[in-house]
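Novice: just the structure for this:
(chains A and B)
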Amino acid sequence: MRLRSALGRARGLGSAREGVGHFYAQRASAIAMIPLALWFVISVISLTHADYTTFKAWMGQPLNATMMLLTVLTALYHAHLGLGVVIADYVHGETMKFTLMSASVMAAVLLAAAMAVSILKVAVGV
Amino acid sequence: MPKPTRPLSPHLDIYKMPFTAILSISHRITGVVLSIGTVVLAFWLVAAGYGPDAYGFAQSVLGSIPVKILLFGWSLALFYHLCNGIRHMFWDAGLGFEIRDAVKSGYITLGAALLLTVLAWTIGL
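Specialist: Sure, this is the predicted structure:
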């Protein structure tokens, strides 16, 4: 006789053991990306021929910097989740899978930090 | 112990991929392409962070014809991934699973993606 509830037995089944959190995170970041991506495209279009002064003035507006920051962070988070699935699907060797997943996380964090710092620097720096 | 190579039934090399299957793998491919594109975005923003000279250099690189062509491709990937992502959300809600509905929404997705890309570049240039 097993002292475990039915739900306890059901949770953790399946080859990945867990995935609901990932599923929701991917959908949540996707929904956020709909307005953010559209805003991003419109903003980039408006900045196509901007010189540095114009660009700095634009980024200096708090809402622009905020939106740009949110777009960058959400996109990188969403991308990281998606790439994780792609890696898990196509890479079968455990060592290579671990290496690529680590590289993916580190690349995402590096890009996020670099872009966040640059956005803030242009927005508030001299 | 090395993995033994067992024979596989042929699949991709003999069956014609349905329209919906092509759209599905395109969603994945555009996702990967977009992820790579974030590096270019980082190049632009970090260059701005370094000051006017670096920004000017980045603008000239990104404004060159070959890079603009790549950016056009990236924006097409973005709009396709966006539209197909919304299509996926309808499926998550349980709607549109019939094959003919999936095919129809697939064509709408392609049309919308193309339209948005052309719109963005017409306004932008």
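Novice: which parts of chain A are helices?
Specialist: Under the criterion DSSP state H, helices of chain A are mapped to A:6-10, A:20-46, A:52-60, A:62-90, A:94-124.
Novice: buried deepest among those, which one?
Specialist: Comparing the helices of chain A by mean neighbour count (mean count of other CB atoms under 10 Å in any protein chain shown), helix A:62-90 comes out on top with a mean of 18. In this view, the C-beta of every residue, glycine as well, is placed from N, C-alpha and C.
Novice: give me the most central residue, chain A.
Specialist: Central residue of chain A (CA atoms, centre = their mean): A:Tyr77, 1.5 Å from the mean position.
Novice: ok, the one residue in chain A that gets nearest to chain B - contacts?
Specialist: Chain B sits closest to A:Ser118 of chain A, with a gap of 3.0 Å, by CB to the nearest CB. A:Ser118 sits next to B:Leu45, B:Val46, B:Ala48, B:Gly49, B:Tyr50 when contact means CB atoms under 8 Å, 6 or more residues apart in numbering or on different chains.
Novice: can you tell me how far it sits from B:Asp53?
Specialist: According to CB to CB, to the nearest Å, A:Ser118 and B:Asp53 sit 15 Å apart.
Novice: same check, this time on A:Thr48
Specialist: The value you get for A:Thr48 to B:Asp53, if CB to CB is used, is 19 Å.
Novice: which residues of chain B lie near chain A?
Specialist: The interface of chain B toward chain A, taken as CB under 8 Å from any CB of the partner chain, is made up of B:28, B:31-32, B:34-35, B:38-39, B:41-42, B:45-46, B:48-52, B:55-56, B:75, B:78, B:82, B:85-86, B:89, B:92, B:120, B:123-125.
Novice: hmm, back to that, may I see the helices of chain A arranged in a markdown table, with mean pLDDT as well?
Specialist: Formatted as a markdown table, the helices of chain A follow (pLDDT from 0 to 100):
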| stretch | mean pLDDT |
| --- | --- |
| helix A:6-10 | 73 |
| helix A:20-46 | 94 |
| helix A:52-60 | 96 |
| helix A:62-90 | 96 |
| helix A:94-124 | 96 |
